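S.K.: this one's structure only:
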């Protein structure tokens with residue numbers, strides 16, 4: 001069963017089951033009412049941080065909780081905070097990233113619509129901890145309900161002296177603004193987002209320097225996604241030990257997961273990190289057919305086969321099988337899904353969304369799509385399989401941003417786990433899943449080399 005409680009947009013469903021922490025108050029707290037949020041313990045984390053803890057003590061609690069960023073890479077949150085706090089500057093900024101790089105990922109959007117004050121509270125705590133007096137919430141313009149509720153939440157906190165000047169009657173100042181932006185995949189990369197906020201084209205930049213020392217407008221900047229900030233508020237309100245009691249070593253706490261594809265009930269569910277992948281599917285109403293593979297991680301997803309569904313859903317375990325947390329999406333496929341065509345779909349999205357700055361990404365993704373098109377049409381060149389692997393490796397080695405490095409992963413992991421589907425398309429014009437149609441199959445000009453498994457899938 002699923003609900004859209006909390007006044008969410010119709011396309012967002014909150015699934016029953018899983019572990020409820022960030023989603024606990026959905027449907028109970030009025031997202032448009034500050035008093036409703038405070039009646040359920042809201043802003044106790046901010047009050048505790050500012051009145052009873054030093055900035056260093058707040059960072060120590062985040063470190064003790066072992067919180068990793070929920071934006072995809074899983075970088076230790078406390079380390080980013082320590083670097084930003086240590087940076088010498090009279091001006092520092094914190095940015096909440098709600099640009100939703102993957103349009104199918106609904107976790108951050110659900111938080112913004114269903115409990116916006118949870119994000120704002122975490123943002124205020126982060127700003128206090130790193131010594132920032134400015135905070136920006138960057139949100140997709142298309143998410144109008146999310147924009148409306150975030151703006152309303154910011155106005156309410158300022159009126160209640162929870163933000164702005166003299167926060168909670170102290171000498172702390174934290175001014176918050178909400179900035180709308182056009183949704184773009186590359187905006188999920190923090191340096192591209194900062195470039196866009198600064199008035200330039202949204203393109204990633206070479207690091208170092210990192211944003212923690214030189215970010216927006218040249219000042220130290222901390223960038224965190226909305227879910228990470230929501231966890232910050234939860235940790236300060238409930239304790240690091242309570243947060244770390246769920247999950248596994250190095251992968252503590254919970255994660256919002258968007259379940260998609262061949263499932264009975266698509267939607268957003270909250271699960272403990274370390275939950276086996278196979279246990280996620282029943283939370284979405286079960287598969288509508290026999291599970292063939294799960295694409296875990298969004299546009300740069302890795303395909304995890306049905307025989308590997310005991311893999312824990314966490315940063316380190318997924319990396320071991322060629323997948324990753326990414327945008328927090330899990331696409332379920334069944335026997336009627338063509339792995340070659342699905343890989344082509346993901347890769348084509350990455351190619352279309354490429355910002356164009358890095359030549360290997362701008363050109364390489366298109367060349368990979370063209371090679372897949374030849375294979376799907378049963379007109380491959382003799383070296384196309386080598387091209388897929390070699391070009392993917394060169395893109396990963398020269399990537400300017402993580403999005404570019406991950407773009408070939410859906411193709412590499414399906415080529416690793418389902419080579420027979422590639423072979424059938426290339427040599428015979430046959431889709432083993434029965435999902436694709438090839439009109440004409442000209443004879444091959446030369447035999448194709450064998451499709452051997454490749455370790456690139458886990459790279």
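M.R.: Cool, got the structure. Quantities reported herein were computed from a predicted structural model and do not represent experimental measurements.

S.K.: what about the one helix or strand residue 79 maps to, distance to the chain center?
M.R.: When elements are defined using DSSP states H and E, residue 79 is found to belong to helix 77-86. Relative to its parent chain, helix 77-86 has a centroid offset of 21 Å by C-alpha atoms, centre = their mean, to the nearest Å.

S.K.: now tell me what touches it from outside.
M.R.: Contacts of helix 77-86 with the rest of the structure, by C-beta atoms under 8 Å, 6 or more residues apart in numbering, involve 55-56, 59-60, 62-63, 67-69, 92, 126, 129-132, 210, 212-213, 220-222, 224, 228, 232. For glycine as for every other residue, the C-beta is placed from the backbone atoms N, C-alpha and C.

S.K.: where does pLDDT dip in the chain?
M.R.: With pLDDT under 70 as the threshold, the chain has low-confidence stretches at 1-6, 101, 438-459.

S.K.: pull the longest helix from it.
M.R.: With residue count as the measure and DSSP state H as the assignment, the chain has helix 359-376 as its longest helix.

S.K.: which parts of that one are buried?
M.R.: Judged by neighbour count (16 or more other C-beta atoms under 10 Å), helix 359-376 contains these buried residues: 360, 361, 364, 365, 368, 369, 371, 372, 374, 375, 376.

S.K.: re the thing from before, buried ones among the contacts of helix 77-86?
M.R.: If you count burial by 16+ other C-beta under 10 Å, the buried members of those come out as 55, 59-60, 62-63, 67-69, 92, 126, 129-132, 210, 212-213, 220-222, 224, 228, 232.

S.K.: what sits against the residue most central in space within the chain?
M.R.: By C-alpha atoms, centre = their mean, the mean C-alpha position of the chain lies nearest to residue 327, the distance being 2.2 Å. Residues in contact with residue 327, defined by C-beta under 8 Å, 6+ apart, are 72, 101, 102, 104, 105, 188, 258, 297, 298, 299.

S.K.: so which bits of stretch 236-252 are buried?
M.R.: Within stretch 236-252, the residues that qualify as buried are 236, 237, 238, 240, 243, 244, 246, 247, 251, 252, counting by 16+ other C-beta under 10 Å.

S.K.: tell me which element the closest residue to residue 58 other than its chain neighbours is part of?
M.R.: If you skip the residues right next to it in sequence, residue 58 has residue 129 as its closest partner in space, 4.2 Å away by C-beta to C-beta, 6 or more residues apart in numbering. With the criterion set as DSSP H and E, the secondary-structure element containing residue 129 is helix 116-130.

S.K.: which elements pack onto the next helix or strand after that helix?
M.R.: Sequence-wise, the next helix or strand beyond helix 116-130 is strand 134-140, with elements assigned using DSSP H and E. Packed against strand 134-140, as judged by 3 or more C-beta pairs under 8 Å, 6 or more residues apart in numbering; DSSP states H and E, are the following elements: strand 93-98, helix 116-130, helix 144-159, strand 175-181, helix 190-197.

S.K.: quick one: list the elements packing against the last one.
M.R.: In other words, helix 190-197. For helix 190-197, the elements it packs on are strand 93-98, strand 134-140, strand 175-181, strand 221-225, judged by 3+ C-beta pairs under 8 Å, 6+ apart.

S.K.: name the strands paired with the first one and say parallel or antiparallel.
M.R.: Sheet partners assigned to strand 93-98 using DSSP bridges are listed as strand 134-140 (parallel), strand 221-225 (parallel).

S.K.: tell me the angle of it relative to helix 116-130?
M.R.: An angle of 150 degrees separates the directions of strand 93-98 and helix 116-130 when computed by axes from the mean of the first three to the mean of the last three C-alpha atoms, to 10 degrees.

S.K.: quick one: the helix or strand following strand 93-98 to helix 116-130, angle?
M.R.: Downstream of strand 93-98, the next assigned helix or strand under DSSP H and E is helix 107-114. Note on geometry: by the same axes, to 10 degrees, helix 107-114 and helix 116-130 are set 110 degrees apart in direction.

S.K.: who touches helix 107-114?
M.R.: Around helix 107-114, the neighbours that count as contacts under C-beta under 8 Å, 6+ apart are 5-9, 12, 14, 22-23, 26-27, 31, 70, 98, 100, 118-119, 139-140, 143, 145-146, 149-150, 225-227, 230, 256-258, 268, 328.

S.K.: how about stretch 43-63?
M.R.: 37, 76-78, 81-82, 85, 117, 121-122, 124-125, 128-131, 162, 167-168, 170, 172, 232-237, 239-240.
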